[in-house]
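Peer 1: 3D, please:
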Amino acid sequence: MKKINQLRFAKLLKIVLTGWFLIMMLVSPISINAQDPAETIDPDTFRVTDETLDEFDPLLVDQSKQAETLSTPGGIISRMLEFAFPLAGMVMFVMIVAGGFQILTGATGQKSMEEGKKKITTAIIGFILLFSSYWIAQILEKIFNIRIL
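Peer 2: Residues are numbered from 1 along each chain as shown. Prediction:
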């Protein structure tokens, strides 16, 4: 019975993910940019200079407020961490739900219940480690008066 439920869940998951993928393919905009033949650059006379590269730098072209922050590796990492913590929270939530579902579907078998408990425990411990590392970095910033995050 347990194997049948897992197969049904796997089929349902495949159907949902395939449907989501197809919807995203239909909804996402498609843009095709063709180069005008009149604007073709002659490779013999074209030279790459700092001004040429600045024309393609999105931080300079768009007058971004993040330009100074994203110009250093530390700034890039700090910006990525702004998205990493909410993403970690969502991953933890999904892992807890998956562990709970595994416990519910395998309520008759001790092995799947233990695996579900392990999954939930691992998710919580991982999030606690990530959260504590963030606060340790914040404390080090205050103690040494430096900017880490």
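Peer 1: mind checking how far residue 47 is from residue 13?
Peer 2: 54 Å (C-beta to C-beta, to the nearest Å). Every residue, glycine included, has its C-beta placed from N, CA and C.
Peer 1: neighbour count winner among the two?
Peer 2: More crowded of residue 47 and residue 13, by other C-beta atoms under 10 Å: residue 13, with 10 against 5.
Peer 1: Next, the contact list for the spatially most central residue of the chain, please.
Peer 2: Most central in the chain under C-alpha atoms, centre = their mean is residue 87, positioned 6.2 Å from the mean C-alpha point. By C-beta atoms under 8 Å, 6 or more residues apart in numbering, the contact set of residue 87 is empty.
Peer 1: Same question for it, what's its three-state structure.
Peer 2: helix (DSSP: H, G, I helix; E, B strand; the rest coil).
Peer 1: how deep is residue 49 tucked in, by neighbour count?
Peer 2: For residue 49, using other C-beta under 10 Å, the count is 8.
Peer 1: and the gap between it and residue 56?
Peer 2: Distance from residue 49 to residue 56, by C-beta to C-beta: 12 Å.
Peer 1: quick one: low-confidence parts of the protein?
Peer 2: In the predicted model of the chain, residues 1-4, 27-40, 58-64, 149 satisfy pLDDT under 70.
Peer 1: residue ranges for the helices of it, please.
Peer 2: Secondary structure of the chain, counting by DSSP state H: helices at 2-27, 50-56, 58-61, 73-105, 110-144.
Peer 1: So residue 98 sits against residue 115, correct?
Peer 2: No - in this structure residue 98 lies outside contact range of residue 115 using C-beta atoms under 8 Å: 10.4 Å.
Peer 1: Give me the residues contacting stretch 114-134.
Peer 2: With contact meaning C-beta under 8 Å, 6+ apart, stretch 114-134 is reached by 81, 84-85, 88-89, 91-92, 95-96, 98-103, 106, 149.
Peer 1: how about that stretch: buried residues?
Peer 2: Using 16 or more other C-beta atoms under 10 Å as the burial criterion, the residues of stretch 114-134 that qualify are 116, 119, 120, 123, 127, 130, 134.
Peer 1: okay, the residues you listed in JSON lines with distance to residue 68 next?
Peer 2: JSON lines is the format used below for the buried residues of stretch 114-134 (distance: C-beta to C-beta, whole Å):
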{"residue": "116", "distance to residue 68": "47"}
{"residue": "119", "distance to residue 68": "42"}
{"residue": "120", "distance to residue 68": "42"}
{"residue": "123", "distance to residue 68": "37"}
{"residue": "127", "distance to residue 68": "32"}
{"residue": "130", "distance to residue 68": "27"}
{"residue": "134", "distance to residue 68": "23"}
